[in-house]
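Asks: this one's sequence-less:
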């Protein structure tokens, strides 16, 4: 028996190969907890986004339900090999690693780079948050 699969959507704004993707933790827009929503400020859709890192030196965020591109992060000087969404206190951040030998921390809400971590002497192929934040 053949299993026929098809793609639901193609996110194709990158100008070069996509090297990595990550799916966000649920960004709930529910206001039932003392009328407070979380700090991410969900823009439409179901609260899930994906981020993608590319050889075009950009990170892009996409709303999964609406398929709209929400943001583009620029700052790496070379290919991006790794992206990772933060969680808990760092819910509004993305961490990235690049061929430019840096790790960068991005603020999703402002679309700005928060910090550059230099010191590697070669490509950064993987990034991860500490579980003890």
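Replies: Great, that's in hand. Quantities reported herein were computed from a predicted structural model and do not represent experimental measurements.

Asks: make it CA atoms for all contacts and neighbour counts henceforth
Replies: Noted.

Asks: Spatially nearest residue to the residue positioned nearest the centre of the chain (excluding sequence neighbours)?
Replies: Centroid-nearest residue in the chain: residue 51, 3.3 Å away (criterion: C-alpha atoms, centre = their mean). Using C-alpha to C-alpha, 6 or more residues apart in numbering and skipping residues adjacent in sequence, the residue nearest residue 51 is residue 61, 4.4 Å away.

Asks: so the one you found touches residue 52, yeah?
Replies: Yes: using C-alpha atoms under 8 Å, residue 61 is in contact with residue 52, at 6.6 Å.

Asks: got the contact list for residue 56?
Replies: Residues near residue 56 by C-alpha atoms under 8 Å, 6 or more residues apart in numbering: 14-17, 78-80.

Asks: Out of the residues you listed, which sit inside strands?
Replies: Using DSSP state E, residue 80 are the members of the contacts of residue 56 that sit in strands.

Asks: Turn the contacts of residue 56 into a markdown table, including pLDDT, distance to residue 124 and neighbour count.
Replies: Shown next, in a markdown table, are the contacts of residue 56 (pLDDT from 0 to 100; distance: C-alpha to C-alpha, whole Å; neighbours: other C-alpha atoms under 10 Å):
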| residue | pLDDT | distance to residue 124 | neighbour count |
| --- | --- | --- | --- |
| 14 | 90 | 20 | 17 |
| 15 | 91 | 21 | 11 |
| 16 | 92 | 19 | 14 |
| 17 | 93 | 17 | 13 |
| 78 | 97 | 11 | 18 |
| 79 | 97 | 10 | 23 |
| 80 | 98 | 9 | 31 |
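
Asks: Identify, from the contacts of residue 56, the entry nearest to residue 121.
Replies: Residue 121 lies nearest to residue 78 out of those, by C-alpha to C-alpha, at 14.1 Å.

Asks: ok, now how distant is residue 94 from residue 3?
Replies: Computed as C-alpha to C-alpha, to the nearest Å, the residue 94 to residue 3 distance reads 35 Å.

Asks: what do you get for residue 75?
Replies: Distance from residue 75 to residue 3, by C-alpha to C-alpha: 42 Å.

Asks: Just want to know which of these two has more residues nearby.
Replies: residue 75 (13 against 5; other C-alpha atoms under 10 Å).
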